[in-house]
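# task: produce atomic coordinates for the following.
(one chain, ligands or ions: 2)
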Amino acid sequence: MKQDDLLRRLFLCDGGPHSLSSAMSARSGSGKTTLLSSLISQATKMEDFKEQRFVYCSLKHENPFPDAPVVTDRATLKKTLRKNRIVVFYPLNPEQYERDIDDIIEAVFDLAHVNEDTGFHLTIDDSNILKGFSNTGRPSGSVMKLAIAGRSKGVRGLFITHRLGNLPRIMNSNLSSLLLLSMNASDNEYAQKVFGLDFTDLISDLTAFRWSVVDLIEEKIHRFDPIAL
Ligand SMILES: Nc1ncnc2c1ncn2[C@@H]1O[C@H](COP(=O)(O)OP(=O)(O)OP(=O)(O)O)[C@@H](O)[C@H]1O
Ligand SMILES: [Mg+2]
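Ligands and ions are numbered 1, 2, ... in the order given. The predicted structure follows:
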């Protein structure tokens, strides 16, 4: 698949069949944050993404976008998104990560409602830290709204976790792609059970920052060499 097509499939909020939310799952230190920030930076250079905004939430307070402003509350996020294509959000209080993330999701839906021509992409990195992110877990209403109702509202979510099994099962049928890097071999069992896909060969290929996009709509696996840093 051509790079531009891939970026559109992964990030464009055009309401099409591929514009559901996505998940990125791979072990700790496998290059998730680095890959995601590189792909989003490339997307913002494309004409198709001229009207689109990206919000990147980092529970670990990492900013992989050197030129993006960092905000810590909803009001500043809304203001900052007017002039910036990418804005980074840090929740401040570990006791209430869930509340802060819900607040940001609602702010993004509000913005999408009043800016019909603008698409909003919202990444929640390390979302496995949030309550409800487990196979049988129930994430918050706002997280589920992002995963389920975003497409028709011009909003797309991307949930980054360490294991495929961290994704709440009720979310799985609402994802259009999976972004994968080095994974635990036992994740294959889960992929087979939940997505009906065999990742045995794929997992052994995903070494040394190699990555893959699984198109869950067409049930196709695309493999890629490591991005150059
Ligand atoms: N394509 C690559 N080539 C070489 N080094 C890379 C590549 N991608 C990531 N790295 C390096 O690997 C380390 C881990 O990367 P990164 O923080 O992106 O991983 P992660 O999966 O997000 O980790 P965590 O699970 O802790 O959030 C960093 O030092 C990064 O510079
Ligand atoms: Mg990371």
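# list the buried residues for stretch 128-140?
N128, I129, L130, G132, F133, S134, G137, P139, S140 (16 or more other C-beta atoms under 10 Å). (Each C-beta comes from the backbone N, C-alpha and C, glycine too.)
# closest one of those residues to F199?
Among those, N128 lies closest to F199 (C-beta to C-beta), at 18.7 Å.
# isn't that closest one up against P168?
No - the pair N128 / P168 is not scored as a contact, 10.5 Å apart, by C-beta atoms under 8 Å.
# packing partners for the lengthiest helix in the chain?
Identified as the longest helix of the chain according to DSSP state H is helix 97-114. For helix 97-114, the packing partners by 3 or more C-beta pairs under 8 Å, 6 or more residues apart in numbering; DSSP states H and E come out as strand 52-58, helix 74-83, strand 119-125, helix 141-153, strand 155-161.
# gap between A191 and L202?
As judged by C-beta to C-beta, to the nearest Å, A191 and L202 stand 9 Å apart.
# more crowded one of those two?
A count of neighbours by other C-beta atoms under 10 Å puts A191 above the other of A191 and L202, at 22 against 18.
# which SS state does the one residue in the chain that gets nearest to ligand 2 fall under?
Nearest residue of the chain to ligand 2: T33, at 3.2 Å (C-beta to the ion). What DSSP: H, G, I helix; E, B strand; the rest coil gives for T33 is helix.
# what pLDDT is listed against the residue nearest to it when sequence neighbours are not counted?
Nearest non-adjacent residue to T33, counting by C-beta to C-beta, 6 or more residues apart in numbering: P64, 5.3 Å away. P64 carries a pLDDT value of 97.
# residue contacts, P64?
T33, T34, L36, S37, Y56 (C-beta atoms under 8 Å, 6 or more residues apart in numbering).
# sorry, back to before: so which bits of the longest helix of the chain are buried?
97-98, 100-105, 107-109, 111-112.
# what of stretch 158-178?
By 16+ other C-beta under 10 Å, the buried positions in stretch 158-178 come out as 158-168, 171-172, 174-178.
# just these: which are in helices?
M171, N172.
# report the central residue of this protein.
For the chain, L158 is the residue whose C-alpha lies nearest the centre (C-alpha atoms, centre = their mean; 1.7 Å).
# where's the residue lying closest to it once chain neighbours are set aside relative to E218, distance?
With sequence-adjacent residues excluded and distances taken as C-beta to C-beta, 6+ apart, L158 is closest to T123, at 4.4 Å. Applying C-beta to C-beta, the value for T123 to E218 is 23 Å.
# and this protein, which residues reach ligand 1?
Contacts of the chain with ligand 1, taken as C-beta under 6 Å from any ligand atom, map to 26, 28-34, 126, 209, 226-227, 229.
# mind doing that once more with 5 Å?
Counting by C-beta under 5 Å from any ligand atom, the chain comes close to ligand 1 at S28, G29, S30, G31, K32, T33, T34, F209, P226, I227, L229.
# need those residues in CSV (columns: pLDDT and neighbour count).
Below are the residues of the chain next to ligand 1 laid out as CSV (pLDDT from 0 to 100; neighbours: other C-beta atoms under 10 Å):
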residue, pLDDT, neighbour count
S28, 96, 9
G29, 96, 10
S30, 97, 22
G31, 98, 19
K32, 98, 23
T33, 98, 20
T34, 98, 15
F209, 98, 18
P226, 97, 14
I227, 96, 14
L229, 89, 7
